[in-house]
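**Student:** What would the 3D arrangement of this be:
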Amino acid sequence: MKKRIYFFVLCAILAFAINACSDSCKTCRNVTYDSNGNETNVSTDWTEYCGLELVTIEAMPDAEIGGNVTKWECY
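**Tutor:** Now for the predicted structure:
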């Protein structure tokens, strides 16, 4: 019985360890383009995002206001 408990605890620890290592990160900034495709407002602050925060940023649609398009760029 103790071997089974140890086995399940070890599996749980390994599952958490593998999940923690697979977190991908990207560096992102917010950029605004005019109707001609020229950058008009560029954030100079590149910020690193990981995990759920990165997924949220990458899922955001581009925002168009008055012919200008604002979007996130991540590398």
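**Student:** And the helix or strand hosting residue 69, what's buried?
**Tutor:** For residue 69, the host element (DSSP states H and E) is strand 68-74. Within strand 68-74, the residues scored as buried using 16 or more other CB atoms under 10 Å are 70, 72. Using the backbone N, CA and C atoms, a C-beta is placed for each residue, glycine as well.
**Student:** same deal with stretch 27-39?
**Tutor:** Buried residues in stretch 27-39, counting neighbours by 16+ other CB under 10 Å, are found at 28, 30, 32-33.
**Student:** What of stretch 54-69?
**Tutor:** Within stretch 54-69, the residues that qualify as buried are residue 54, counting by 16+ other CB under 10 Å.
**Student:** Need the contact partners of it.
**Tutor:** 24-26, 28, 32-35, 40, 49, 70-72, 74 (CB atoms under 8 Å, 6 or more residues apart in numbering).
**Student:** now, which of these lie within strands?
**Tutor:** Of the positions in the contacts of stretch 54-69, 25-26, 28, 32-33, 40, 49, 70-72, 74 sit in strands, assigned by DSSP state E.
**Student:** Name every strand pairing with the strand holding residue 69 and say which way it goes.
**Tutor:** Strand 68-74 has the following sheet partners, assigned by DSSP bridges: strand 25-33 (antiparallel), strand 63-65 (antiparallel).
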